[in-house]
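Q: only geometry, no sequence info:
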Ligand SMILES: *Cc1c(COP(=O)(O)O)cnc(C)c1O
């Protein structure tokens, strides 16, 4: 004990560490602040090692300690938000940033972000303009709406519409549609926060038109319809169509708002996916307003899109909350570029990553697996057992909850380390790799793997498994 304590005096001083060749060299491209912080943390750690009798005696000469400081600086200098390789097969993984952007969107962001833009400047008139004008016409063309506006995200869009159309009054919602999306978005809470009184109608599995009709009164300002985007009620069920709701609401001179969740702009049933209403179909029923996300099935940046009749959209735009929820210029640039691709649906399917991954054929996936398998075998030798299997990917992001996307995957089992250890270490690679575990195997789903990332994936697996 006393021997170890005596060694405390030989711990290198921070100044001495900073004077080593290694750290002087490092100071040329790393901030002084980070080097000092790393040095302090390293010395603290070594002090604990000395005081812990069970720990091995650390080496304390300044050059050795400086090398440890360098490693710590590298950790501290790694950006917090960074690229991750997703081999989970979940296309719209909310934890992994939902939709990857298309090339046009990335270019648009760079071009607008580098310098100035006409974000709120009308170049024809030479005077102040509105930011939503950059996408309004496009959204209307693609959905059949009369007018449109955009905000920060769909949760914001729903809150804004509620506050603008029914603030201080009440809105009717079917009991079958009182949904929760990912914890903090729950319809009753969102309504309360928007200052709207929730009036529930019908039951969990069945709501009839007469349930709405009997409840409407002078206090009712709105009918809210919520698409059950992340679950389904099956069996003995009934919900009221948009057409019937619109007719009833308009007899009482109030609007209908539908929160569609995902913003599907083209029908994907041709690719074996379950039927989801497109935005155009939702609006065609005669309801006044639809809101949806930019980064779900639409495959663009995080945004909340609001489209409907001019009269109602004008009201929404004038509400003070619209300013608080306004969309940022980088998002707007990416959204416009993504929406432009939809003018040619085939182009959208080819170039928007989310749509490409959704519509990829089984044979194509099988081919990718057959190409990837020998590369993995080459890289990993006999350290892992590798097999080609069939599995189902999921859409994620609270969209198409029942859709199964069958396709080839590669199943991997390490012969050396546990699954748990393997996934932990893969998450610490650069870039980190996130996969899924199924039947005690690590699944590599090529559906969400970008071709450009294949080399990094192979390298990460080598690092972890060999
Ligand atoms: C996802 C979803 C939301 C929230 O959308 P964000 O863009 O994530 O804010 C709201 N309502 C429904 C029905 C959804 O599916």
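A: Received, thanks. Please read all numbers here as calculations on a predicted model, not as lab measurements.
Q: Please give the element, helix or strand, for the closest residue in space to residue 73 that isn't next to it in sequence.
A: In space, not counting the residues next to it along the chain, residue 73 is nearest to residue 38; the distance is 4.5 Å by C-beta to C-beta, 6 or more residues apart in numbering. For glycine as for every other residue, the C-beta is placed from the backbone atoms N, C-alpha and C. Residue 38 is part of helix 32-51, with elements assigned from DSSP states H and E.
Q: what do you get for residue 307?
A: With elements delineated by DSSP H and E, residue 307 resides in strand 304-308, which encompasses its position.
Q: Just list the residues touching residue 361, thanks.
A: Applying C-beta atoms under 8 Å, 6 or more residues apart in numbering, we find residue 361 in contact with no residue.
Q: how near is it to residue 81?
A: The gap separating residue 361 from residue 81 is 34 Å, by C-beta to C-beta, to the nearest Å.
Q: now residue 47
A: In terms of C-beta to C-beta, residue 47 sits 32 Å off from residue 81.
Q: which of the two has more neighbours?
A: When neighbours are counted by other C-beta atoms under 10 Å, residue 47 comes out ahead of the other of residue 47 and residue 81, with 14 against 6.
Q: Pretty sure the more buried one sits against residue 11.
A: Yes: with contact defined as C-beta atoms under 8 Å, residue 47 and residue 11 form a contacting pair (6.2 Å).
Q: List the buried residues for the very next helix or strand once past the helix holding residue 38?
A: Counting by DSSP H and E, the next helix or strand C-terminal to helix 32-51 is helix 62-77. Within helix 62-77, the residues that count as buried by 16 or more other C-beta atoms under 10 Å are 62, 65-66, 68-70, 72-73.
Q: what's helix 62-77 in contact with?
A: Helix 62-77 has contacts (C-beta under 8 Å, 6+ apart) with 12, 16-17, 20-23, 26, 30, 34-35, 37-39, 41-43, 46, 59.
Q: now swap in stretch 397-404 and tell me
A: Applying C-beta under 8 Å, 6+ apart, the set of residues contacting stretch 397-404 from outside is 91-94, 98-99, 181-182, 229-232, 261-262, 273-274, 276, 293, 295-297, 392, 394-395.
Q: same check, this time on stretch 234-253
A: Under the contact criterion C-beta under 8 Å, 6+ apart, stretch 234-253 has outside partners 174, 176-177, 205-209, 212-213, 216, 220, 223, 225, 255-256, 258, 282, 285-288.
Q: on that earlier part again, could you pick out which of the contacts of stretch 397-404 are near the ligand?
A: The residues of these that also fall near the ligand, by C-beta under 6 Å from any ligand atom, are 181, 229-230, 261, 293.
Q: By neighbour count, which of the residues you listed wins?
A: If you count neighbours using other C-beta under 10 Å, the busiest of those is residue 293, which has 30 neighbours.
Q: in what helix or strand does the residue nearest the centre of the chain lie?
A: Central residue of the chain (C-alpha atoms, centre = their mean): residue 98, 2.4 Å from the mean position. Taking DSSP H and E as the criterion, no element holds residue 98; it sits outside all helices and strands.
Q: Give the full set of residues in contact with the closest residue to it other than its chain neighbours.
A: Taking C-beta to C-beta, 6+ apart, and ignoring the residues beside it in sequence, residue 98 has residue 295 as its nearest neighbour in space, at 4.2 Å. Shown in contact with residue 295 (C-beta under 8 Å, 6+ apart): 92, 98-99, 301-303, 397.
Q: hey, where'd the helices end up in the stretch 351-466 of the chain?
A: Listed in chain order, the helices of the stretch 351-466 of the chain (DSSP state H, counting those that start in this stretch) span 353-359, 362-380, 419-427, 454-465.
Q: Give me the buried subset of the contacts of helix 62-77.
A: Members of the contacts of helix 62-77 that pass the buried threshold by neighbour count (16+ other C-beta under 10 Å) are listed as 12, 17, 20, 22-23, 26, 30, 34-35, 38-39, 41-43, 46.
Q: what's the residue in the stretch 201-350 of the chain that the ligand sits nearest to sitting at in phi/psi?
A: Using C-beta to the nearest ligand atom, the point where the stretch 201-350 of the chain gets nearest to the ligand is residue 261, with a distance of 2.6 Å. Dihedral angles of residue 261 (phi, psi; degrees, to the nearest 10) stand at phi 80, psi -90.
Q: Who is it paired with across the strands?
A: Beta-bridge pairing of residue 261, defined through DSSP bridges, involves residue 292.
Q: Can you list the neighbours in contact with the helix or strand residue 163 falls within?
A: Using DSSP H and E, residue 163 sits within helix 154-166. For helix 154-166, contacts defined as C-beta under 8 Å, 6+ apart pick out 151, 171, 181, 185, 190-191, 193-196, 221-222, 224, 255, 257, 259, 261, 289, 291-294, 303-306, 312, 315-316, 318-319, 321-322, 325.
Q: With stretch 110-118 instead?
A: Applying C-beta under 8 Å, 6+ apart, the external contacts of stretch 110-118 come out as 119, 129, 329-330, 332-333.
Q: beta partners of residue 392?
A: When bridges are taken as DSSP bridges, the partners of residue 392 come out as residue 406.
Q: From here on, call the first residue 39.
A: Noted, 39 is the first residue going forward, which turns the last one into residue 430.
Q: Surely residue 178 is within a helix?
A: Yes: using DSSP: H, G, I helix; E, B strand; the rest coil, the assignment for residue 178 is a helix.
Q: Give me the phi and psi angles of the nearest residue to it once chain neighbours are set aside.
A: Counting by C-beta to C-beta, 6+ apart, residue 186 is the residue found nearest to residue 178 once chain neighbours are left out, at 5.7 Å. With angles defined as degrees, to the nearest 10, residue 186 sits at phi -150, psi 160.
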